[in-house]
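K.L.:
Quick check, what structure comes out for this input:
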Amino acid sequence: MDDPRDVVVIGGGQAGLACGYFLKRAGLRFTILDGEEKPGGAWLHAWDSLRLFSPAQWSSLPGWPMPASPDGYPDRDAVIDYLARYEARYDLAVERRTEGFSVATSAGTRRARAVISATGTWRHPFRPNYPDQDLFTGRQIHSAQYRSPADFSGKRVLVVGGGNSGAQIPAELSLVADITWVTATPPAFLPDDVDGRVLFERATARWRAAQEGRTIDQPVGGFGDVVMVPPVKAARERGVLHAVAPFVRFTEDGVVWADGVRSTVDAVVWCTGFRPALSHLAPLGVVGEDGRVATSGTRSTDEPGLWLVGYGDWTGPASATLIGVMRTARSTVAEIGEALA
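P.N.:
From the prediction side, this is the model:
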């Protein structure tokens, strides 16, 4: 249990596995600690019908492509299966049901010369605060807990939030429930021929330009915009993807809109995103008021033995995506190798 490692990776999802791939290639001794009971990371908790917004070949981790999906866009179960087989294929040393840091865990102490935090965001869902929210007696869940539309059949449901989860969830809820889709700004729908592959190419071009001190003009569209995967296209054809401006407060049985009109609501699904899940780093005192760790690249500026991978653009462009994490995982492991040498 106390056998020292060169590197401990905290988190066994896509970012942790990508780091493990490069750590193994670098010949470093490492272990990956994960809080889940089985492979799959945050995808284990995604709703049943979730679709990636990139084709399989553009949703792959380093070394081994994700198998193609029949309709082009893999679903949640396909991603979980891919991550499980990826972990087994490269014999990555993942220890499960471990929590904590020092690296002290529920399964004993782990010692290492360097630590990679790759816990992602799923464990830290964000919900905005609305006036009188505590008065509302209906059901409230975050997209992190949403599983299927069957739970809301026949209900009056508000879906709050834009982006791809904000579009995919109301798309399927509209088949069984009376939905109202609420977004702070009008949702941006990408052209039908633009998906995550194109967005990643654009992000890569911006990254390369920034590295070279250049700026480039690109079409409007980013990872926060709605990709027209098949279920969303079908909802568009049914005419149900119409968003409205936010309400102003809750009531006991619903909400009040800006014009004073009241609506009765049975449930609210918050598709309002996530924040970095970094509570395990609290004892180090490196997490700032903004919920992030100050970094140079992916390396903590306050704790030089700590690196962070997969939390979003602040830890590398597109690093929270399956394919995007490869670049930062590779550069992070290379930097760790140099630091340990």
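K.L.:
tell me which element the spatially most distant residue from the centre of the chain falls in.
P.N.:
Of all residues in the chain, residue 260 has its C-alpha farthest from the mean position, at 35.9 Å, by C-alpha atoms, centre = their mean. For residue 260, there is no host helix or strand (DSSP states H and E).
K.L.:
Residue 231 too?
P.N.:
Using DSSP H and E, residue 231 falls in helix 230-238.
K.L.:
if I look at residue 78, how far off is residue 156?
P.N.:
Distance of residue 78 to residue 156, computed by C-beta to C-beta, to the nearest Å: 33 Å. C-beta here means a position set from N, CA and C on the backbone, and glycine is covered the same way.
K.L.:
Between those two, which has more neighbouring residues?
P.N.:
Higher neighbour count among residue 78 and residue 156: residue 78, with 20 against 17, using other C-beta atoms under 10 Å.
K.L.:
my read is the more buried one is in a helix, agree?
P.N.:
Yes - Residue 78 forms part of a helix when assessed by DSSP: H, G, I helix; E, B strand; the rest coil.
K.L.:
Please verify my assumption that it contacts residue 69.
P.N.:
Yes - with contact defined as C-beta atoms under 8 Å, residue 78 counts as touching residue 69 (5.9 Å).
K.L.:
Next, show the common contact partners of the two.
P.N.:
Contact criterion C-beta atoms under 8 Å, 6 or more residues apart in numbering; residues shared by residue 78 and residue 69: residue 56.
K.L.:
Helices of the stretch 51-200 of the chain, start to end?
P.N.:
Assigned by DSSP state H, counting those that start in this stretch, the helices in the stretch 51-200 of the chain fall at 76-89, 163-173, 196-211.
K.L.:
mean pLDDT lowest for which of the ones you listed?
P.N.:
Lowest mean pLDDT of the helices of the stretch 51-200 of the chain: helix 196-211, a mean of 64.
K.L.:
Apart from its neighbours in sequence, what residue is nearest residue 319?
P.N.:
Among residues not flanking residue 319 along the chain, residue 328 sits closest, at 4.5 Å (C-beta to C-beta, 6 or more residues apart in numbering).
K.L.:
List the contacts of that neighbour.
P.N.:
With contact taken as C-beta under 8 Å, 6+ apart, residue 328 is in contact with 298, 309, 310, 315, 316, 319.
K.L.:
ok, now with 10 Å
P.N.:
With contact set as C-beta atoms under 10 Å, 6 or more residues apart in numbering, residue 328 has these partners: 15, 18-19, 297-298, 307-311, 315-320.
K.L.:
Distance of it relative to residue 232?
P.N.:
According to C-beta to C-beta, residue 328 stands 29 Å off from residue 232.
K.L.:
Residue 7 is in contact with residue 336, isn't it?
P.N.:
Yes - using C-beta atoms under 10 Å, residue 7 makes contact with residue 336 at a distance of 6.2 Å.
K.L.:
Common neighbours of these two, please.
P.N.:
Listed contacts common to residue 7 and residue 336 are 19, 23, 26, 28, 30, 113, 114, 115, 116, 305, 307; contacts here mean C-beta under 10 Å, 6+ apart.
K.L.:
Contact partners for the fourth one?
P.N.:
Pointing back at residue 28 there. By C-beta under 10 Å, 6+ apart, the neighbours of residue 28 are 5, 6, 7, 22, 112, 113, 114, 333, 336, 337, 340.
K.L.:
Where does pLDDT dip in the protein?
P.N.:
Counting by pLDDT under 70, the chain contains low-confidence ranges at 1-2, 98-108, 194-212, 216-224.
K.L.:
quick one: the strands in the stretch 101-250 of the chain?
P.N.:
104-105, 108-109, 112-117, 139-142, 156-160, 178-182, 243-244, 249-251 (DSSP state E, counting those that start in this stretch).
K.L.:
then the longest one to CSV, C-alphas only?
P.N.:
Pointing back at strand 112-117 there. Output of strand 112-117 as CSV, limited to C-alpha atoms (Å, rounded to 0.1, in the frame of the first residue of the first chain):
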residue,chain,number,x,y,z
ALA,A,112,4.1,9.6,-5.1
ARG,A,113,6.5,12.2,-6.4
ALA,A,114,3.8,13.9,-8.5
VAL,A,115,0.0,14.0,-8.6
ILE,A,116,-2.3,14.5,-11.6
SER,A,117,-5.8,15.6,-10.6
